[in-house]
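Asks: mind folding the following:
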Amino acid sequence: MTPRPSRILFAACCLAGTLSFSNIRIAAQARDAAPRPTTGTASVTGTVFTNEQDSKPIRRATVSLTPAVPGQFTQRVTVTDDEGRFVFTGLPATSYGAPRAVKPGYVQTVYGEKRTGGIGTPISLAEGQRLTIALRMYRGAVITGTLRDRGRVMPGISVSATPIRTVDGVRTRGTTLGGSATTDDRGTYRIFGLPPGDFAVSAVPRVTSGEVRPVTDAEFQWADRQIQSPSSSGAMGAPTAVPPRPAQAIAYTPVYYPGALDAATAGLVTLAAGEERGGVDFDVAFVSTAKVEGTILDADGKPALNPQLNLISRADAIMVDSFFFLDTMLMGRATIADGKFTFSGVRPGDYTIAARASDRAAPTPSGPGRGGPAALNLWATADVTVNGEDLSGIELRVQQGMELSGRVVFDGSSLPPPTDLSRVSIRLSAAPNPSGVTVSVNVPNGQAAADGTFKLEGVTPGRYFLSATVPGAPPAPGAPPGSQWTLRSARVGSVDAADSPFEVQPNQNISNVVFTFTDRVAELTGTLMDEAGKPTPALSIILFPTDRGMWSQRSRRMRLPVRASTDGKFRFTNLQPGEYFLAALSDFESADVFKPEFLDQVAAAAMKITIAEGEKKVQDLKISGGG
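Replies: Down below sits the predicted model:
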């Protein structure tokens with residue numbers, strides 16, 4: 001879907017090429033010496049208003065002010081008075097995040113945001129400065145409706161509204177807050193305080209009394225015959241005739257408005273700011289559940305050692321990256337005895353059984369560089385479709401997992417390599433397949449050995465990203481280069497798996513993986529100036545790679561836009577070297593930032609800059625009013 005033009009508003013006449021760029025320079029390295037003070041003589045005062053036509057002060061709103069440097073001093077928090085006013089005094093001269101206001105029934109707001117959930121304006125204070133600001137809050141939107149089961153209202157059911165954003169056709173959880181409520185005695189729910197946007201509304205009825213089976217006509221007829229024909233009964237009146245087969249078990253299933261049974265096909269409720277949307281009614285119902293049974297065996301046909309099985313809904317697996325609907329995606333673990341497994345209460349749908357087990361002949365070693373303590377180095381998978389009838393006879397034959405091995409390299413200009421390389425953590429994380437589905441459990445992670453080599457064992461086929469970290473406290477923003485080791489690349493052949501996924505095929509061990517750390521950290525800073533050449537906080541700055549192959553949420557080169565602060569300054573830290581697009585935006589949808597069609601439009605009006613490893617580049621932007 002092409003982004004709506006009204007939501008892509010570039011600085012001035014940026015699309016006509018009238019945004020000028022100047023003062024490209026390389027800043028000299030500077031090191032912070034003295035610790036920053038925690039008190040000072042600056043102050044921030046302001047008022048919180050309703051963001052409505054008849055704007056009114058909001059009393060008892062909580063306002064917070066956080067330093068831009070983590071740990072510099074404790075976050076300041078205050079509450080507005082009856083006139084909606086607040087004040088922070090004794091502030092040191094430094095940079096701060098955008099002040100934030102919250103109050104039940106209203107949407108959280110930050111100072112200077114262009115739209116709800118947008119980027120706020122950071123503030124920079126000089127010694128003795130008195131800054132006066134205003135924050136405006138929307139009343140939260142409301143979703144209300146009624147839950148029924150075949151006409152009967154359903155009290156006491158939890159209903160949730162989850163924010164959704166769609167990127168490249170794949171739904172993920174949005175960045176704004178959702179909400180939940182419980183139906184009352186009329187089956188009615190009311191979820192309030194929601195920001196504008198798209199929401200999936202879901203209900204999860206639960207039956208806690210164990211397995212539920214309806215009584216069938218055949219069972220009634222059988223019972224009636226026992227009563228009418230005493231001769232068919234044995235001693236003590238016990239029936240001798242074989243009773244009919246019980247009905248299939250049933251259970252409530254999670255339901256998404258307007259009646260979808262999986263998250264991928266849920267209808268979305270779109271809310272405007274402060275809107276009250278009624279009539280979001282839908283039905284919950286029992287569905288037939290099934291047992292899924294089978295065996296998990298080793299290569300010799302014997303029961304697998306230390307088996308673990310998970311049943312994963314393929315329809316909902318598209319949401320795993322955002323931890324959305326995991327309750328329905330991971331349907332449960334099996335009961336296992338002597339190589340036989342059973343999943344009970346499985347609702348209709350398409351599933352993957354993901355199994356892991358240990359190799360009894362050669363258990364996975366523990367210790368540095370050997371994949372950690374996990375011994376689950378065998379794997380098997382099976383796809384099944386459940387339609388309300390019990391499934392049996394499924395056979396899983398576990399096979400040896402693949403090995404991923406390599407080494408860790410440190411390439412520094414000022415820091416010596418760590419003396420204990422076994423402290424380097426190696427992480428393998430599952431990546432979605434081309435259709436957006438991620439199905440992977442028990443992904444092995446581990447530590448490097450003392451000599452910097454590593455081996456992860458038991459890797460299952462699939463697509464993955466790689467990352468690695470060196471333990472240590474993260475540096476404060478603005479710390480000079482060389483203050484920490486940063487991952488430069490994770491090379492798997494020609495692929496940098498820190499940014500792009502690579503694939504592991506069955507029976508394919510991968511060696512010569514190279515993690516390279518550097519202490520040369522790049523940074524881009526600058527000042528946004530208006531037509532008169534004065535600093536302005538009016539716009540947001542976006543930086544993203546010129547390589548379209550890197551336009552992914554998982555790429556380290558994709559940076560979320562930052563807002564110029566009250567002194568017009570902006571900053572991007574911990575940058576990977578390469579060529580980037582740089583542009584200023586006056587307004588945008590947060591969900592659009594990773595959409596190729598949006599980025600294509602921005603790229604057409606952006607400038608290209610090249611950032612070298614460790615470079616401290618300054619690029620000022622000036623808004624031009626021509627055109």
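Asks: could you list the low-confidence segments of the chain?
Replies: 1-36, 167-169, 207-211, 230-240, 315-333, 360-375, 433-442, 472-483, 591, 625-627 (pLDDT under 70).
Asks: tell me the domain boundaries of it?
Replies: 5-27+522-622, 42-137, 142-209+250-287, 290-399, 402-518 (automatic domain parsing).
Asks: the last one: how far from the chain's middle?
Replies: Its chain's C-alpha centre lies 20 Å from the corresponding centre of domain 402-518 when counted by C-alpha atoms, centre = their mean, to the nearest Å.
Asks: any chance of the domains of the chain in a markdown table with mean neighbour count as columns?
Replies: Just so you know, the C-beta spots here come from the backbone N, C-alpha and C atoms, and that holds for glycine as well. A markdown table is the format used below for those (neighbours: other C-beta atoms under 10 Å):
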| stretch | mean neighbour count |
| --- | --- |
| domain 5-27+522-622 | 18 |
| domain 42-137 | 17 |
| domain 142-209+250-287 | 18 |
| domain 290-399 | 18 |
| domain 402-518 | 17 |
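Asks: Throw these into a markdown table and include distance to Gln221, thanks.
Replies: Shown next, in a markdown table, are the domains of the chain (distance: least, C-beta to C-beta, whole Å):
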| stretch | distance to Gln221 |
| --- | --- |
| domain 5-27+522-622 | 58 |
| domain 42-137 | 57 |
| domain 142-209+250-287 | 20 |
| domain 290-399 | 22 |
| domain 402-518 | 45 |
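Asks: who wins for proximity to Ala223 among these?
Replies: Ala223 sits nearest to domain 142-209+250-287 of all these, at 20.1 Å, using C-beta to C-beta.
Asks: out of the domains of the chain, the one nearest Thr216 is which?
Replies: domain 142-209+250-287 (11.8 Å).
Asks: and that closest one, how far out from the chain's middle?
Replies: Once both centres are worked out by C-alpha atoms, centre = their mean, domain 142-209+250-287 turns out to sit 20 Å from its chain's centre.
Asks: with stretch 58-66 instead?
Replies: 27 Å.
Asks: can you list contacts of that stretch?
Replies: Contact partners of stretch 58-66, identified using C-beta atoms under 8 Å, 6 or more residues apart in numbering, comprise 44, 46, 48-50, 75-84, 86, 88, 91, 96-97, 99-103, 106, 135, 137.
Asks: helices along this protein, start to end?
Replies: 217-228, 326-329, 596-605 (DSSP state H).
Asks: which one of the ones you listed lies nearest to Pro416?
Replies: helix 596-605 (40.1 Å).
Asks: convert the C-alpha atoms of the closest one to CSV, please.
Replies: C-alpha atoms of helix 596-605 as CSV (Å, rounded to 0.1, in the frame of the first residue of the first chain):
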residue,chain,number,x,y,z
PRO,A,596,10.3,0.6,0.7
GLU,A,597,7.7,2.8,-1.0
PHE,A,598,8.1,5.4,1.7
LEU,A,599,11.9,5.2,1.7
ASP,A,600,11.9,5.5,-2.1
GLN,A,601,10.1,8.8,-1.9
VAL,A,602,12.4,10.1,0.8
ALA,A,603,15.5,8.9,-1.1
ALA,A,604,14.5,11.0,-4.1
ALA,A,605,14.8,14.2,-2.1
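Asks: check which helices and strands it sits against.
Replies: strand 540-545, strand 578-587 (3 or more C-beta pairs under 8 Å, 6 or more residues apart in numbering; DSSP states H and E).
Asks: mind running it again at 10 Å?
Replies: Judged by 3 or more C-beta pairs under 10 Å, 6 or more residues apart in numbering; DSSP states H and E, helix 596-605 is in contact with strand 9-10, strand 540-545, strand 578-587.
Asks: what would these look like in a markdown table with distance to Ile164?
Replies: Compiled in a markdown table, the helices and strands packed on helix 596-605 are given as follows (distance: least, C-beta to C-beta, whole Å):
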| stretch | distance to Ile164 |
| --- | --- |
| strand 9-10 | 24 |
| strand 540-545 | 23 |
| strand 578-587 | 21 |
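Asks: thinking again about what came up before, can you put the helices of the chain in a markdown table and add distance to Pro195?
Replies: Listed next are these as a markdown table, based on distance: least, C-beta to C-beta, whole Å:
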| stretch | distance to Pro195 |
| --- | --- |
| helix 217-228 | 51 |
| helix 326-329 | 23 |
| helix 596-605 | 20 |
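Asks: of all the ones you listed, which lies closest to Ala260?
Replies: Among these, helix 326-329 sits nearest to Ala260 (C-beta to C-beta), with 11.3 Å.
Asks: need the strands for the stretch 301-450 of the chain, in chain order.
Replies: Applying DSSP state E, counting those that start in this stretch to the stretch 301-450 of the chain gives strands spanning 305-313, 330-333, 335-337, 340-346, 349-358, 378-386, 391-397, 399-400, 402-411, 425-430, 446-447.
Asks: dump those to CSV, plus distance to Val292.
Replies: Putting the strands of the stretch 301-450 of the chain into CSV (distance: least, C-beta to C-beta, whole Å) gives the following:
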stretch, distance to Val292
strand 305-313, 7
strand 330-333, 10
strand 335-337, 11
strand 340-346, 4
strand 349-358, 7
strand 378-386, 6
strand 391-397, 5
strand 399-400, 21
strand 402-411, 27
strand 425-430, 23
strand 446-447, 32
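Asks: so which of the domains of the chain comes closest to Pro244?
Replies: So among these, domain 290-399 is nearest, using C-beta to C-beta, at 16.0 Å.
Asks: figure out which of the helices and strands packed on helix 596-605 is closest to Gly145.
Replies: Comparison of the helices and strands packed on helix 596-605 against Gly145 by C-beta to C-beta identifies strand 578-587 as nearest, at 32.1 Å.
Asks: quick one: strands adjacent to the closest one?
Replies: Taking DSSP bridges as the criterion, strand 578-587 sits next to strand 9-10 (antiparallel), strand 540-545 (antiparallel), strand 607-611 (antiparallel) in its sheet.
Asks: list the contacts for Arg427?
Replies: If you count contacts by C-beta atoms under 10 Å, 6 or more residues apart in numbering, Arg427 has them with Val443, Pro444, Asn445, Gly446, Leu456, Tyr464, Phe465, Leu466, Ser467, Ala468, Thr469, Ala490.
Asks: repeat that for 6 Å
Replies: Asn445, Ser467 (C-beta atoms under 6 Å, 6 or more residues apart in numbering).
Asks: kindly report the same for the one 4 residues further on.
Replies: With contact set as C-beta under 6 Å, 6+ apart, Ala431 has these partners: Arg463, Tyr464, Phe465, Pro501.
Asks: with adjacent residues omitted, what lies nearest to it?
Replies: Residue nearest to Ala431 in three dimensions, not counting chain neighbours: Pro501, with 3.7 Å by C-beta to C-beta, 6 or more residues apart in numbering.
Asks: and what of Gly401?
Replies: Gly458 (3.6 Å).
Asks: repeat for Thr460
Replies: Counting by C-beta to C-beta, 6+ apart, the residue nearest Thr460 is Trp379, at 4.4 Å.
Asks: which residues does that neighbour bridge with?
Replies: Arg356, Gln399.
Asks: that one contacts Gly401, doesn't it?
Replies: Yes: with contacts counted by C-beta atoms under 6 Å, Trp379 reaches Gly401, the gap being 5.1 Å.
Asks: any shared contact partners between the two?
Replies: Counting by C-beta under 6 Å, 6+ apart, the common neighbours of Trp379 and Gly401 are Thr460.
Asks: what's the distance between Arg245 and Gly452?
Replies: Going from Arg245 to Gly452 by C-beta to C-beta, to the nearest Å gives 63 Å.
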